[in-house]
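A.B. asks: next one to model:
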Amino acid sequence: MMEEVKEVGSSLSVHGHNVKVTEVLQDGDMLTFLIVSEKLTGTGEYHVHRTYDDFEWLQQHLFSQEEVPGIQGVIFPPLPPKAQVNASPKVLKQLGFLGLGEWQIYCRALETFLRQIATHGILSKNKALEIFLTHSDPPGRQRTKKNIFNRLSQAVEEMRKEGHKDVDEFFQAEREHNHLLTGCSKSAAERFLDVVQTEQKIAVACGHFAAALQLCVEPGDDPDKQAFSRACVKLSQVFDCMKKNMASVAANNASTLGLSLDLDSRYQEAEKEMLFRRTCKLVELETARKNVEKAKPVKKAAMEEVWKATQTDFEHISRVAKKEITRLQGARVEILQQALVQLCEKQLLTAKENADHFNQQLQAFRGMA
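C.D. replies: Numbers count the residues shown, from 1 in each chain. Down below sits the predicted model:
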């Protein structure tokens, strides 16, 4: 087992943009993911096996960096929900596109999570990431540390800070924009998921009808029965082509635009959490200022020190947060563009293949006539 991570500031020894989750191994209800990272030295690759608990171990260490200035202003890359073998309907609904039964899509989501961390200016310096990507031994289970996210659920009274007016117009506008966009992103992902699931149902229905047509084939020497049987066989082949085409269309939608919309929705939630943390620090700063104003001469100096320290923290958080927001806005446009291009390319290829198959079936029908 790996020892508990204590250091921060280590350099990453792999190419962060090229981390891959290449395979998922199933042992009963346990899923293990193979992660491949290319060494910076160019002398080879690291191959490590990690479970979802290991991913959570990494996430907890990233959340626990309270000593890093401005860390509360970071928009932490969102870890996908835990996938399960034979998952319940509730779990599948939570997974969305990641629960459509294709482990390849889920591996890509985990891969994106790791790449976002490995290429992040602050998060990539955490020693836990280096250990996660390069050590052959698993991190192991550990007691969850107190971190910046624990405070989000300490008391219900914290939620009142969400409506607290910001002192910075940039952040006030961003909070309002994020509130609107979070709902829209989630709705877009859900509606597109409905489209993909409908396409999957159509593919299944075509497969069932193709199988049913095969049952209509009758043996015997009767010319009429033979002609009818040949027509059923050919028609069955047509519906089998339709099944394969619709299944490919659904898979293309899920692996491109669907995955992009899912990631965008989860990132909007991550930004919302960051903005809330900053608002909490703003309330803390205003409270510290009021304490200085009310403090008696004996305690005034101590209260001023607390106020200045809180103000320094708040300024660090705000600087980091502005950079993070700007980076996210640029990245989400680029990711959406890439997803749409990939979708068009895959659907064009699928359409060409399907046109060839249907043309073959058409010629076969003409031959029968």
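A.B. asks: make it CA atoms for all contacts and neighbour counts henceforth
C.D. replies: Fine.
A.B. asks: just the pLDDT at residue 8, thanks.
C.D. replies: pLDDT recorded at residue 8 is 47.
A.B. asks: start the count at 23, not 1, going forward
C.D. replies: Okay, residue one is now 23; in that scheme the one you just asked about reads as residue 30.
A.B. asks: where does pLDDT dip in the stretch 173-322 of the chain?
C.D. replies: For the stretch 173-322 of the chain, the stretches with pLDDT under 70 are 173-182.
A.B. asks: tell me where it has helices.
C.D. replies: Using DSSP state H, counting those that start in this stretch, the helices of the stretch 173-322 of the chain run over 191-236, 245-275, 281-316, 319-390.
A.B. asks: could I get those as a markdown table with distance to residue 97?
C.D. replies: Output for those, formatted as a markdown table (distance: least, Cα to Cα, whole Å):
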| stretch | distance to residue 97 |
| --- | --- |
| helix 191-236 | 13 |
| helix 245-275 | 27 |
| helix 281-316 | 5 |
| helix 319-390 | 6 |
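A.B. asks: out of the ones you listed, the one nearest residue 82 is which?
C.D. replies: Set against residue 82 and scored by Cα to Cα, the helices of the stretch 173-322 of the chain come closest in helix 281-316, at 14.8 Å.
A.B. asks: relative to helix 245-275, how tilted is that closest one?
C.D. replies: Angle, helix 281-316 to helix 245-275, by axes from the mean of the first three to the mean of the last three Cα atoms, to 10 degrees: 30 degrees.
A.B. asks: just to revisit the earlier point, for the helices of the stretch 173-322 of the chain, which one sits closest to residue 39?
C.D. replies: Closest to residue 39 of the helices of the stretch 173-322 of the chain is helix 319-390 (Cα to Cα; 13.9 Å).
A.B. asks: off-centre distance for stretch 240-260?
C.D. replies: Centroid separation for stretch 240-260 versus its chain: 49 Å, with Cα atoms, centre = their mean, to the nearest Å.
A.B. asks: please apply the same query to stretch 40-49.
C.D. replies: 15 Å.
A.B. asks: before we move on, back to that, out of the helices of the stretch 173-322 of the chain, which is closest to residue 76?
C.D. replies: helix 281-316 (20.2 Å).
A.B. asks: ok and that closest one relative to helix 191-236, angle-wise?
C.D. replies: Using the same axes, to 10 degrees: helix 281-316 against helix 191-236 is 150 degrees.
A.B. asks: for the strand or helix carrying residue 57, which positions count as buried?
C.D. replies: Under the criterion of DSSP states H and E, residue 57 resides in strand 52-60. Using 16 or more other Cα atoms under 10 Å as the test for burial, strand 52-60 gives 53, 54, 55, 56, 57, 58, 59, 60.
A.B. asks: which is the next helix or strand following it?
C.D. replies: Downstream of strand 52-60 (by DSSP H and E), the next one is strand 67-73.
A.B. asks: return the list of strands paired to that following strand, each annotated with direction.
C.D. replies: Here strand 67-73 has these sheet partners by DSSP bridges: strand 52-60 (antiparallel).
A.B. asks: now the partner strand - C-alpha only, PDB.
C.D. replies: What follows is strand 52-60 as a C-alpha-only set of coordinates in PDB (Å, rounded to 0.1, in the frame of the first residue of the first chain):
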ATOM      1  CA  MET A  52     -15.400  -5.000  -9.100                       C
ATOM      2  CA  LEU A  53     -14.200  -2.800 -12.000                       C
ATOM      3  CA  THR A  54     -10.600  -2.100 -12.500                       C
ATOM      4  CA  PHE A  55      -9.300   0.500 -15.100                       C
ATOM      5  CA  LEU A  56      -6.000   0.200 -16.900                       C
ATOM      6  CA  ILE A  57      -4.300   3.600 -17.100                       C
ATOM      7  CA  VAL A  58      -1.400   4.300 -19.500                       C
ATOM      8  CA  SER A  59       0.900   7.300 -19.200                       C
ATOM      9  CA  GLU A  60       3.800   8.200 -21.500                       C
END
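A.B. asks: what mean pLDDT does that strand have?
C.D. replies: The average of the pLDDT scores along strand 52-60 is 93.
A.B. asks: coming back round to it: which one among the buried residues of strand 52-60 gets closest to residue 253?
C.D. replies: Nearest to residue 253 among the buried residues of strand 52-60: residue 53, at 46.1 Å, using Cα to Cα.
A.B. asks: list the contacts of the closest one.
C.D. replies: 46, 47, 73, 74, 106, 107 (Cα atoms under 8 Å, 6 or more residues apart in numbering).
A.B. asks: save the residues you listed as CSV, and put in distance to residue 309 and neighbour count too.
C.D. replies: CSV is the format used below for those (distance: Cα to Cα, whole Å; neighbours: other Cα atoms under 10 Å):
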residue, distance to residue 309, neighbour count
46, 50, 17
47, 52, 13
73, 43, 18
74, 40, 19
106, 45, 15
107, 49, 12
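A.B. asks: turn the residues you listed into JSON lines, columns for distance to residue 95 and pLDDT.
C.D. replies: JSON lines is the format used below for the contacts of residue 53 (distance: Cα to Cα, whole Å; pLDDT from 0 to 100):
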{"residue": "46", "distance to residue 95": "34", "pLDDT": "91"}
{"residue": "47", "distance to residue 95": "36", "pLDDT": "90"}
{"residue": "73", "distance to residue 95": "29", "pLDDT": "94"}
{"residue": "74", "distance to residue 95": "26", "pLDDT": "93"}
{"residue": "106", "distance to residue 95": "32", "pLDDT": "81"}
{"residue": "107", "distance to residue 95": "36", "pLDDT": "78"}
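A.B. asks: give me the neighbour count for residue 189.
C.D. replies: Using other Cα atoms under 10 Å, residue 189 has 10 neighbouring residues.
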